[in-house]
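Q: missing the sequence, but the structure's below:
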């Protein structure tokens with residue numbers, strides 16, 4: 001897959017915020033990467049702002065262009081506000097839910113856990129990170145994987161802060177209660193700019 005495997009700090013510096021997790025370099029080098037990073041920046045145009053917002057959302061959720069466009073089209077077909085629908089669909093992805101439940105420290109790690117068949121949905125092993133959850137679905141750690149040090153380490157300091165998810169520490173299982181409202185999603189994404197970009 002043509003997934004980004006380069007330095008995470010570079011992406012964080014590009015957007016001016018910790019997009020792929022905590023980034024120490026943002027404090028010391030709070031300017032964009034590249035030889036012109038410290039130079040005089042041109043005024044950002046409307047298209048540039050919209051494109052940057054889309055790219056940022058793609059990096060946060062770990063999607064490629066085709067996957068992201070497909071998710072946007074699905075969001076546009078649903079009733080209601082397209083931008084909010086887009087974020088709800090992204091939050092309902094299995095890899096993202098595993099991350100939100102605290103089973104994995106990052107979305108990348110969550111994606112790996114899913115791909116290695118350590119996660120079940122409603123009792124069945126699912127190894128597709130983009131699997132879209134529905135309200136009522138139960139996401140759990142597979143019996144064989146419950147002794148994994150990585151998962152144990154993550155869950156030891158886990159606090160469930162998300163109202164659309166329920167967690168049962170005894171069974172290492174979480175429930176996707178419903179699609180989150182926009183104000184519940186903590187990501188700093190201006191989804192309206194993404195909608196405007198795709199509407200051109």
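A: Structure's in. What do you need? Please read all numbers here as calculations on a predicted model, not as lab measurements.

Q: what sits against the most centrally placed residue in the chain?
A: Nearest to the mean C-alpha position of the chain, by Cα atoms, centre = their mean, lies residue 61 at 3.0 Å. For residue 61, the contacting residues are 90, 93, 96, 107, by Cβ atoms under 8 Å, 6 or more residues apart in numbering. C-beta here means a position set from N, CA and C on the backbone, and glycine is covered the same way.

Q: Quick check, pLDDT for the third one.
A: According to the predicted model, the pLDDT of residue 96 comes to 95.

Q: And for residue 90, the neighbour number?
A: For residue 90, the count of nearby residues is 25 (other Cβ atoms under 10 Å).

Q: Am I right that residue 155 is in contact with residue 171?
A: No: look at residue 155 against residue 171 with Cβ atoms under 8 Å: they stay out of range, at 11.8 Å.

Q: show me where this structure has helices.
A: With DSSP state H, the ranges of helices along the chain come out as 8-15, 25-28, 46-61, 65-77, 82-91, 94-100, 107-115, 149-156, 191-198.

Q: tell me, which of those helices is the model least confident about?
A: When I compare the helices of the chain, helix 25-28 is least confident, with a mean of 65.

Q: State the distance from residue 157 to residue 102.
A: 8 Å (Cβ to Cβ, to the nearest Å).

Q: how about CSV for the helices of the chain, with distance to residue 134 added?
A: Shown next, in CSV, are the helices of the chain (distance: least, Cβ to Cβ, whole Å):
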stretch, distance to residue 134
helix 8-15, 31
helix 25-28, 37
helix 46-61, 18
helix 65-77, 13
helix 82-91, 11
helix 94-100, 11
helix 107-115, 17
helix 149-156, 24
helix 191-198, 22
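
Q: right, and residue 106 touches residue 20 too?
A: Yes: assessed by Cβ under 8 Å, residue 106 is found in contact with residue 20 at 7.5 Å.

Q: Mind listing the shared neighbours of these two?
A: Counting by Cβ under 8 Å, 6+ apart, nothing touches both residue 106 and residue 20.

Q: Leaving out the residues flanking it, which one is nearest to residue 162?
A: Spatial nearest neighbour of residue 162, excluding adjacent residues (Cβ to Cβ, 6 or more residues apart in numbering): residue 100 at 5.5 Å.

Q: Looking only at neighbour counts, state which of residue 155 and residue 171 leads.
A: Legend: neighbour count by other Cβ under 10 Å for residue 155 and residue 171, higher for residue 155 (17 against 11).

Q: Great, nothing more from me.
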